[in-house]
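**Student:** compute the structure for the input listed below.
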Amino acid sequence: MPASQAGRRGFESHRPLSAGPVAPLERRGFCLGAAGLPLVVSRRIFPTPPTVAIRLEHAEHNPAFLWRNPEPKPSYDVVIVGGGLHGLSTAYYLARNHGITNVAVVERGWLGNGNAVRNTTVIRSNYLREESMPLYEFSLQLWSTFGQELDHDVLFDPRGMLTLTHSRGEAAAARRTVYANRLHGIDAEWLEPAEVKQYCPIVNISPDVRYPVYGASLQARAGIARHDAVVFGLARAASALGVDLIQGCEVTGFNIVDGAVRGVQTTRGRIAAGRVGLVGAGRTTLLTTMAGFDVPIQSYPLQALVSEIFDQVLPCVVMSGALHVYVSQAHKGELVMGASRDNYLSYAQRGSFHLIESQIQAALELYPIMKRAHVLRTWAGIVDMSPDASPIIGTTPVRDLYLNCGWGTGGFKATPASGWVFAHTLATGEPHALNAPFRLDRFETGALIDEHGAGVSAH
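**Tutor:** The predicted model follows:
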């Protein structure tokens, strides 16, 4: 692609993985285009046109055409704590599905500043347990029309996902998941190594490597979407329906009277509420401690990395549970890789170097062509892991206080369904049929939903 064309498209020209070394990339800036979509730009390309000249550090300073930025009112019917994807999705569906618009989303930073834009955007529904499959399948179906519904292109791309296996035992377990998915009407296929190579030519299927490929499961409808576009789309849609999105508003406590929540205390004053929903992801335990009860959630850093931009070489998402690496290629051309979570508890949005090192080693064995790629940046999110690697959605020991957490590394894919069922729970006081099994007291009754084998770190 000529450099002039790359400049007009908003990013520098692609280069093939077979190309020689290039100079380090210059520092990038972040701006908004006329349609409100983010554009990554480099100082090496042509000057930004006047229509996109506003330089932004984060979404808190977005212009008014995206969403309103109101002052908090004294009281709301529902207050949602957490302005990430699940909090915004819940607020949107409260207004859209239930007509409840006197809703506030309170966010300690800016909208989408946590895991919402720190994930690797994989979307799939090929889970194992009969409680999980309907929930994630419903979410995948919602994704197919999510952009049209929000009137905002979220760049959903159902490009398919391969889950590689590297032993006979792992292959047998993967086939079990394939058969379970088919029994529940979810598309799933088993591919032998030669078929894997045909579907994704850059995968190394040589029998002489340390972890040879024994085959792979395939979900053809799986794919990726653009995370910040989802944040923007949900926020715009919720705001247009009357939801107040209150940024820079940290919850510091709860007003609890006779065992029922009556509001939240924040850095911007007290806000009364009929019901409160906690959607704090990795910071959930900090919130529940303020409310006077504990939840079996542990927070870990989860790392990912992205390369510079290349021509499209990876036609699908590829995951390897044994090697703890999964990779896709973003719409612009970057290779996006996720790794295993760190083994220590932390609220820090950074991780350990040795995990990145082992992640790259695994990727180079699986995809030798990637040896020419350069790492552009790494980051980490905070994942909220439950003992059975499944979410907690429902009531709490405090009346009118509801909980949505424990999604671990699988929260992005569940964004539409999570909001749909949690909005139902908040609106009616009763769980939706899809989230009824994911109640908090299952850790007392023993009705666990073990999804540790669902993928890389239960991804």
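
**Student:** verify the contact between Val106 and Val79 for me.
**Tutor:** Yes - in this structure Val106 lies within contact range of Val79 using C-beta atoms under 8 Å: 6.3 Å. Where C-beta positions appear, they are placed from N, C-alpha and C, glycine not excepted.

**Student:** anything in contact with each of the two?
**Tutor:** Taking C-beta atoms under 8 Å, 6 or more residues apart in numbering as the criterion, Val106 and Val79 both touch 264, 271.

**Student:** which SSE is the closest residue to Asp153 other than its chain neighbours in?
**Tutor:** Distances taken as C-beta to C-beta, 6 or more residues apart in numbering put Gly147 closest to Asp153, at 5.0 Å, once the chain neighbours are dropped. Assigned by DSSP states H and E, Gly147 belongs to helix 132-150.

**Student:** list the buried ones in the helix or strand following that helix?
**Tutor:** Per DSSP H and E, the first helix or strand lying C-terminal to helix 132-150 is strand 161-165. Residues of strand 161-165 classed as buried: 161-165 (neighbour count, 16 or more other C-beta atoms under 10 Å).

**Student:** and stretch 369-382, by the same measure?
**Tutor:** Applying 16+ other C-beta under 10 Å to stretch 369-382 flags 369-370, 372-373, 378-382 as buried.

**Student:** what separation is there between the residue nearest to Asp153 and Val154?
**Tutor:** Distance of Gly147 to Val154, computed by C-beta to C-beta, to the nearest Å: 5 Å.

**Student:** swap in Arg182?
**Tutor:** 28 Å.

**Student:** please apply the same query to Tyr211.
**Tutor:** Tyr211 is 34 Å from Val154, by C-beta to C-beta.

**Student:** contacts only, for Tyr344.
**Tutor:** 300-301.

**Student:** which SS state does it fall under?
**Tutor:** Using DSSP: H, G, I helix; E, B strand; the rest coil, the structure places Tyr344 in coil.

**Student:** what ranges do the helices span in the stretch 1-150 of the chain?
**Tutor:** Remark: helices assigned in the stretch 1-150 of the chain by DSSP state H, counting those that start in this stretch are 3-9, 85-98, 132-150.

**Student:** indicate which one of the ones you listed is closest to Thr284.
**Tutor:** helix 85-98 (11.1 Å; C-beta to C-beta).

**Student:** hmm, back to that, and the helices of the stretch 1-150 of the chain as TSV, adding distance to Gly263?
**Tutor:** Formatted as TSV, these follow (distance: least, C-beta to C-beta, whole Å):
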stretch	distance to Gly263
helix 3-9	48
helix 85-98	17
helix 132-150	30
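
**Student:** ok, back up a step: could you single out the nearest of the buried residues of strand 161-165 to Ala95?
**Tutor:** Met161 (32.2 Å).

**Student:** okay, Arg182 and Val154: which has more neighbours?
**Tutor:** A direct count of neighbours by other C-beta atoms under 10 Å for Arg182 and Val154 places Val154 higher, at 23 against 12.

**Student:** that one contacts Arg236, correct?
**Tutor:** No - Val154 is beyond contact range of Arg236, at 11.5 Å (criterion: C-beta under 8 Å).

**Student:** hang on, the earlier thing: figure out which of the helices of the stretch 1-150 of the chain is closest to Ala273.
**Tutor:** Nearest to Ala273 among those is helix 85-98 (12.7 Å), distances taken as C-beta to C-beta.

**Student:** what's the closest one packed up against?
**Tutor:** Contacts defined by 3 or more C-beta pairs under 8 Å, 6 or more residues apart in numbering; DSSP states H and E place helix 85-98 against strand 75-81, strand 103-107, helix 227-240, helix 415-428.

**Student:** mean neighbour count, those: which tops it?
**Tutor:** strand 103-107 (a mean of 27; mean count of other C-beta atoms under 10 Å).
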